[in-house]
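Trainee: give the three-dimensional model of this entry:
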Amino acid sequence: MKKSLSIILSLMMLFSVVFSSTVLAESTYSVQSGDVLWRIAREYGLEWEELAEYNALENPHLIFPGQMIRIPSEEAVEEMTEEEVTQEEPVVEEEPVVEEEPVVDSTQLTILHTNDMHGFFIEGAYDGMGAAKLAAYYESVKASNPNTLILDAGDATQGHNLVTLSEGENAMPILNALGYDAMTAGNHEFDYGQDQLLDNIALADFPVLAANIKDEDGNDFLTPYVLKEVDGLTVAIFGLATPETKYKSHPDNTLGLTFDDPIEVAQTLVPMLRDQADVVIGLVHLGDEGTMTSVALAEMVEGIDLIIDGHSHSAYENGNTVNETLIVSAGEKTKNVGRVDMTLVEGEITATVASLFTKDQSLELIDNAEVADLVAAIEEENAVIENEVVATAPYDLNGEREFVRTGETNLGNMITEALLDISGADVALTNGGGIRASVAMGEVTKGDILTVLPFGNTVRVIEVTGADLIAALENGLATYPEPLGAFPHIAGMMVEFDSSLEAGSRVTSVMIDDEAIDEEAIYSLATNDFLVAGGDDYTMFVGANVIAEFGAMDEVLIDFIAENGFDASEVTGRIQDVSEDAEEVPMDDAA
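Mentor: This next block holds a predicted model:
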């Protein structure tokens, strides 16, 4: 009996040693995006001060994704406590110690942001993650931090035929379901006209912002800003729209509206918001090209904590800091969601971390069923129109942004040849910014063509002089090799230019019917109604004599393909840079 008892006691002691070593062993934790020290400490039953001391953190409110945090064993925690008591003993002998909170509890604010979604709410192989994945991600972030705002920097309601066929209306229930708190008006929100824009806004559960747009009476056309209360914090969000809207949407769509200088407006507005808010956010559609950019805004206006930008489709992985203002942008077409995590102590921002949640990361998420069903219902409404097969493409047709805004592509050639064919004009020209997507090899549906040409622009034929035509080409080549929406896709002429020359004097040769252009002669030009109205700064076309009008560009292209196939898409070198540094045009891209 004694021997049995001895064995049992030995086993108990052995188990105690093993268990104790397991519990007391130190472990590590890898910081994830959005983590804060107090929450990590709580998960391990510790105080955040203990974690900070054990890891010798200089700033316990600033930790980074991937950083390894050592988790102390129970024994190590006890030792730290004993050391603190020993250090305090001499003080206790003289007078009682009044324990005070070393740091006021911090507040964690998360901002999720998108821009230039262009209605791409359907997950696609070459598109973004789609609305159902967006919803799943937004839900997961809000579950970990209820202090989350969801914001969009414009151009959400136009582009993909999912929303274009309803003139943007179908975008609104999707944005509502995603839980957006505010968005700013992009230039393409105006593509359906002012009345339709206001009708769409009336369907939104959130404000659509722009502080620099005035109507004919000088009143705000849209809501200038909004104040949001988040866990005791006041967050001011103001909107700014690009003045380029006057010519980067159809000019008729902004008649009677004035787009004030966004920087001047912000210089007046931000100090007022600064007095009311703990955090000031600029939700802007300005981009990083030209003069009125988000960078210029940050340089010229003090007091903006965060600028969320759209318009140029830029993606800043960790944001850019300019003049102590963080600028973020998330790309385009739901390919990324931007995330900004702010730590505030006593209303002051002590840390800000920007990151991107990518489409690849979204593949691990399960679609939000409610949003997926909503998108599917809209698709079903559009299916009758969209799913009609209109052709079979023998190869891919290139309509990608970085190509159509910098050079000749087979899709651009196909479109301009269609304009030339239906009009019988001398020459044709259309802007690369109007080509919004590629066409994949295989069956081509009407929906595919609508995605390429979503604006509903019609074909117009105008009379121009040779000098006007040269001025138009100079306008489209002004920033080359930098991308420009005005880049000219042409038919009926061969153009050479020298990009090393000063903008405005780059065109060196224009041949029409094998003859040099005559600056005083009159030519018939087939183009689109957007350019005829001066869009993309083609002001030389404004007031030109319109000698013919035809239907929508998408219908013209569909009819042309049906009759002629795809041979006209061949890349011919019809517009070439002849400077010494020019790269040779890859002619094998013709098919």
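Trainee: what ranges do the helices span in the stretch 101-250 of the chain?
Mentor: For the stretch 101-250 of the chain, the helices defined by DSSP state H, counting those that start in this stretch cover 130-144, 161-164, 171-178, 194-202, 245-248.
Trainee: do the stretch 301-450 of the chain as well
Mentor: Ranges of helices in the stretch 301-450 of the chain, per DSSP H, counting those that start in this stretch, are 359-362, 369-386, 401-404, 410-423, 446-452.
Trainee: state the pLDDT value of Ala533.
Mentor: Ala533 carries a pLDDT value of 87.
Trainee: in terms of contact, does it touch Asn253 like I think?
Mentor: No: with contact defined as Cβ atoms under 8 Å, Ala533 does not reach Asn253; the gap is 9.5 Å. C-betas here are computed from N, CA, C, even on glycine.
Trainee: just to revisit the earlier point, need the winner for burial among the helices of the stretch 101-250 of the chain.
Mentor: Across the helices of the stretch 101-250 of the chain, the average number of neighbours (mean count of other Cβ atoms under 10 Å) peaks for helix 161-164, which reaches a mean of 26.
Trainee: low-scoring stretches of the stretch 151-300 of the chain, by residue?
Mentor: Of all residues in the stretch 151-300 of the chain, none has pLDDT under 70.
Trainee: all strands in it, in order from the N-terminus.
Mentor: According to DSSP state E, counting those that start in this stretch, the stretch 151-300 of the chain carries its strands in the segments 182-184, 208-209, 213-214, 225-230, 233-241, 258-259, 279-285.
Trainee: which residues are in contact with the third one?
Mentor: Here strand 213-214 makes contact (Cβ atoms under 8 Å, 6 or more residues apart in numbering) with Ala185, Asp220, Phe221, Leu222, Ala241, Leu257, Thr258, Phe259, Asp260.
Trainee: so what's the first one up against?
Mentor: For Ala185, the residues meeting the contact criterion (Cβ under 8 Å, 6+ apart) are Gly154, Leu197, Val208, Leu209, Ala210, Ile213, Leu222, Gly239, Ala241, His285.
Trainee: for the last one, same thing?
Mentor: Applying Cβ under 8 Å, 6+ apart, we find Asp260 in contact with Asn212, Ile213, Lys214, Pro243.
Trainee: thinking again about what came up before, can I get the strands of the stretch 151-300 of the chain in JSON lines including mean neighbour count and distance to Ala544?
Mentor: Output for the strands of the stretch 151-300 of the chain, formatted as JSON lines (neighbours: other Cβ atoms under 10 Å; distance: least, Cβ to Cβ, whole Å):
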{"stretch": "strand 182-184", "mean neighbour count": "30", "distance to Ala544": "34"}
{"stretch": "strand 208-209", "mean neighbour count": "27", "distance to Ala544": "35"}
{"stretch": "strand 213-214", "mean neighbour count": "22", "distance to Ala544": "28"}
{"stretch": "strand 225-230", "mean neighbour count": "16", "distance to Ala544": "41"}
{"stretch": "strand 233-241", "mean neighbour count": "25", "distance to Ala544": "28"}
{"stretch": "strand 258-259", "mean neighbour count": "18", "distance to Ala544": "25"}
{"stretch": "strand 279-285", "mean neighbour count": "29", "distance to Ala544": "30"}
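Trainee: distance to Glu47 added to those, as CSV?
Mentor: Shown next, in CSV, are the strands of the stretch 151-300 of the chain (distance: least, Cβ to Cβ, whole Å):
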stretch, distance to Glu47
strand 182-184, 37
strand 208-209, 42
strand 213-214, 51
strand 225-230, 26
strand 233-241, 24
strand 258-259, 53
strand 279-285, 28
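Trainee: what's the closest of the ones you listed to Glu519?
Mentor: The closest of the strands of the stretch 151-300 of the chain to Glu519 is strand 258-259. By Cβ to Cβ, the value is 33.9 Å.
Trainee: out of the strands of the stretch 151-300 of the chain, nearest to Ile111?
Mentor: strand 279-285 (7.2 Å).
Trainee: quick one: the strands in the stretch 401-550 of the chain, in order.
Mentor: With strands called from DSSP E, counting those that start in this stretch, the stretch 401-550 of the chain shows them at 427-431, 442-445, 458-465, 488-491, 494-497, 507-512, 515-516, 522-528, 546-552.
Trainee: could the ones you listed go into a markdown table alongside mean neighbour count?
Mentor: Shown next, in a markdown table, are the strands of the stretch 401-550 of the chain (neighbours: other Cβ atoms under 10 Å):
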| stretch | mean neighbour count |
| --- | --- |
| strand 427-431 | 27 |
| strand 442-445 | 16 |
| strand 458-465 | 21 |
| strand 488-491 | 26 |
| strand 494-497 | 20 |
| strand 507-512 | 17 |
| strand 515-516 | 10 |
| strand 522-528 | 23 |
| strand 546-552 | 14 |
